[in-house]
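Trainee: no FASTA, just this:
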């Protein structure tokens, strides 16, 4: 089954992305033809969402190799990796994708590196699509037996945030494909409107009922039992389950707990960072004040953290490609690091 | 001491308001010369905030009388009252101000009614200003002994929401006037940006440090202990203390509780509605979907409640002109209704 959208793809010596800064007004593909334009696409959120960032970065390194000769390829891919690492600090997928490519730097003959890096990026995309399908299937098990099922989500952890199936929205697409009637309540997600711009757009395109609410209304929707469960994505999950996700997620989790409504995080296993013990060690990106205030005004300042950290005790379960998990996530830990 | 702003004033046979739909781009006064324009100013939020709405409505009835002869004045003020009652459903101050004017319909000679109604509206304004001063003074007692004091607020319950001193911001102005260093963290307050547009503007005009954050960041600011206390206004307070206020307040209250940070409601005693037993009986206005979505898009819907109800157990205290109170609010109950 084809995914709803081709968010990031290799396209004849360049990277083709859906330019998400233009949605929902315009569905336009951008062709990224240099490492610098890939880096800028990540920084400006033209491509965003932890898994999609990882895929774009992996292709970015392949692009650098593709544009090099055997004599300078190693220098160029290293420089590409360093540039791409400096794009966004929070999502762990970015670093794991770049690390995966970097392993090839040492082991593959320079003359074969371009092909190997492209194959590895393709693998990453394929794995992401397969992961999305599996997260969707695993997520079906947490949906209540009612019609319609009403899911609240925050930000966009949909097809547009991944290779094409999504994480938080993967169970929504999976339900739809099985004929389960499902509707989504989408927090608009200030300051960059990922809910209103992206989640609403991709679900409407896919024919799924969607309703946008301001972020401040989520608590009221939850306490008023207007939804049955919450599913959000994640940018990084610490070893104890503390989860970094888009700013506003923490408030939704607190309200879900107060309402007695299940709160799930859906994410590929690559989002788990077992080297980070708990949420206090996750770096949170602070972005420009201009995202909150249109212009500097009369001494008015802004505080604009891009993420918050939801403590594990507020999370009902983590929906992954390996099933619905709980800490300490033995199923996912690399051998020998499960202590 | 003069209040920071003249939000609503009688001006030679008309009502002069600050047109809040134009802030912060432009400080412009609007002259309302008919009951219908007063009603529309309330509906479009050109004048907003529960106390300011009450004052504007009281002057609106006086305006109707002012434009009538002794033979049709009673019909005209009754019609004016009915029109103004249909403007907004949640704030109780609107209804109490109109009831107060209506009592004069029966007891004052038609020839004296215009003067009596104007005097009563003037009284309401004067009482509001005095109430603001007293709320400010009462609020000082809940400020912690640190520098600067950091207050988080939601929406605008400032000078612009009242006759001129504010409710939630009255303690901030009172602290400033006593030389206490104080800073305000202002939720931007979607969908109509009262925090970003109005609270930030009026505080900056008054020389008070203010920082705007998206509504979704409030939980993170609270759990991260970036603020010392929360003070919000109220549109209606039920007999048990359940408090209706701008959508988003409930989520702030839940986060404050989780963070162990005090959460206060500041409101004049006219905001208490002892005929409403608890929050479940407070009608919550649902406003147009177009406030959330710029345009109807592709079948995307919106849910846009203007208020939410914070249960009394999340509220540390109610700062009123009669002091900082707790349920059952014996200090405020009309004699005989305290059971």
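Mentor: Nice, thanks for sending it over. Quantities reported herein were computed from a predicted structural model and do not represent experimental measurements.

Trainee: Around chain B, pick out the residues from the stretch 1-150 of chain A.
Mentor: Counting by CB under 8 Å from any CB of the partner chain, the stretch 1-150 of chain A comes close to chain B at residue A:24. In short, each C-beta sits where N, CA and C put it, glycine included.

Trainee: Could you report the separation of residue A:244 from residue B:30?
Mentor: The spacing between residue A:244 and residue B:30, counted by CB to CB, to the nearest Å, is 46 Å.

Trainee: can you count the residues close to the residue in the stretch 51-200 of chain A positioned nearest to chain B?
Mentor: Ranked by CB to the nearest CB, the top residue of the stretch 51-200 of chain A for proximity to chain B is residue A:190, at 4.0 Å. Using other CB atoms under 10 Å in any protein chain shown, residue A:190 is surrounded by 25 other residues.

Trainee: Ok, the one 4 residues further on next?
Mentor: The number of residues packed near residue A:194 is 27, by other CB under 10 Å.

Trainee: and what of residue A:155?
Mentor: Around residue A:155 there are 31 residues (other CB under 10 Å).

Trainee: who has more neighbours, residue A:244 and residue B:30?
Mentor: residue A:244 (29 against 18).

Trainee: Am I right that the more buried one sits in a strand?
Mentor: Yes. Under DSSP: H, G, I helix; E, B strand; the rest coil, residue A:244 sits within a strand.

Trainee: where are the low-confidence patches of the stretch 151-300 of chain A?
Mentor: A:295-296 (pLDDT under 70).

Trainee: again, 80 this time
Mentor: For the stretch 151-300 of chain A, the stretches with pLDDT under 80 are A:294-298.

Trainee: Check the stretch 1-150 of chain A too.
Mentor: In the stretch 1-150 of chain A (pLDDT under 80), the answer is A:1, A:91.

Trainee: ok and the residue in it nearest chain B?
Mentor: residue A:24 (6.4 Å).

Trainee: Now do the strands in the stretch 151-300 of chain A.
Mentor: A:182-187, A:209-213, A:229-232, A:236-238, A:243-246, A:263-266, A:272-273 (DSSP state E, counting those that start in this stretch).

Trainee: Which one, of the ones you listed, ends up nearest to chain B?
Mentor: strand A:209-213 (4.6 Å).

Trainee: chain center to the closest one, what's the gap?
Mentor: Strand A:209-213 sits 20 Å away from the centroid of its parent chain (CA atoms, centre = their mean, to the nearest Å).

Trainee: is it anywhere near chain B?
Mentor: Yes. Using CB under 8 Å from any CB, strand A:209-213 reaches chain B at A:209-213.

Trainee: Does anything pack onto that strand? Which helices or strands?
Mentor: Strand A:209-213 is packed against strand A:182-187, helix A:200-205, strand B:301-302, with contacts defined by 3 or more CB pairs under 8 Å, 6 or more residues apart in numbering or on different chains; DSSP states H and E.

Trainee: quick one on the thing from earlier: want to try a markdown table for the strands of the stretch 151-300 of chain A, with distance to residue A:158 as columns?
Mentor: Shown next, in a markdown table, are the strands of the stretch 151-300 of chain A (distance: least, CB to CB, whole Å):
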| stretch | distance to residue A:158 |
| --- | --- |
| strand A:182-187 | 9 |
| strand A:209-213 | 10 |
| strand A:229-232 | 11 |
| strand A:236-238 | 19 |
| strand A:243-246 | 12 |
| strand A:263-266 | 10 |
| strand A:272-273 | 20 |
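
Trainee: State the phi and psi torsions of the nearest residue to residue A:161 once chain neighbours are set aside.
Mentor: The shortest distance from residue A:161 to any non-neighbouring residue, by CB to CB, 6 or more residues apart in numbering or on different chains, is to residue A:49 (2.3 Å). Here is the backbone geometry of residue A:49 (degrees, to the nearest 10): phi 100, psi 130.

Trainee: Count residues in the vicinity of residue A:49, would you?
Mentor: 31.

Trainee: what sits against it?
Mentor: A:7, A:156-158, A:160-162, A:233 (CB atoms under 8 Å, 6 or more residues apart in numbering or on different chains).

Trainee: and the residues you listed as a markdown table, adding neighbour count?
Mentor: A markdown table is the format used below for those (neighbours: other CB atoms under 10 Å in any protein chain shown):
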| residue | neighbour count |
| --- | --- |
| A:7 | 29 |
| A:156 | 33 |
| A:157 | 31 |
| A:158 | 34 |
| A:160 | 27 |
| A:161 | 29 |
| A:162 | 34 |
| A:233 | 30 |
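
Trainee: three-state assignment of residue A:308?
Mentor: strand.

Trainee: Okay, and the beta partners of it?
Mentor: Under DSSP bridges, the beta-bridge partners of residue A:308 are residue A:245.

Trainee: Surely it and residue B:217 touch.
Mentor: Yes. Counting by CB atoms under 8 Å, residue A:308 touches residue B:217, with 7.3 Å between them.

Trainee: who has more neighbours, the two?
Mentor: The neighbour count for residue A:308 versus residue B:217, taken as other CB under 10 Å, is higher for residue B:217 (30 against 26).

Trainee: any idea how far residue A:307 is from the more buried one?
Mentor: 10 Å.

Trainee: Save the helices and strands packed on strand A:209-213 as TSV, and put in distance to residue A:299 and mean neighbour count too.
Mentor: Formatted as TSV, these follow (distance: least, CB to CB, whole Å; neighbours: other CB atoms under 10 Å in any protein chain shown):
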stretch	distance to residue A:299	mean neighbour count
strand A:182-187	30	25
helix A:200-205	35	24
strand B:301-302	34	22
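
Trainee: got CSV for the ones you listed, with distance to residue A:331 too?
Mentor: Putting the helices and strands packed on strand A:209-213 into CSV (distance: least, CB to CB, whole Å) gives the following:
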stretch, distance to residue A:331
strand A:182-187, 27
helix A:200-205, 29
strand B:301-302, 38
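
Trainee: quick one on the thing from earlier: just give me the closest of the residues of strand A:209-213 next to chain B to residue A:331.
Mentor: residue A:210 (32.1 Å; CB to CB).

Trainee: what sits against the closest one?
Mentor: A:183-186, A:199-200, A:203-204, B:300-301.

Trainee: ok, of the residues you listed, which one's closest to residue A:45?
Mentor: residue A:199 (14.3 Å).

Trainee: Quick check: beta-bridge partners of residue A:182?
Mentor: residue A:149.

Trainee: Show the contacting residues for it.
Mentor: Neighbours of residue A:182 in contact, by CB under 8 Å, 6+ apart: A:143, A:148-151, A:172, A:175-176, A:208-209.

Trainee: could you pull out the helices for the stretch 201-339 of chain A?
Mentor: A:218-223, A:249-259 (DSSP state H, counting those that start in this stretch).

Trainee: Next, the angle helix B:249-259 makes with the longest one.
Mentor: Here helix A:249-259 points in a direction 90 degrees away from that of helix B:249-259 (axes from the mean of the first three to the mean of the last three CA atoms, to 10 degrees).
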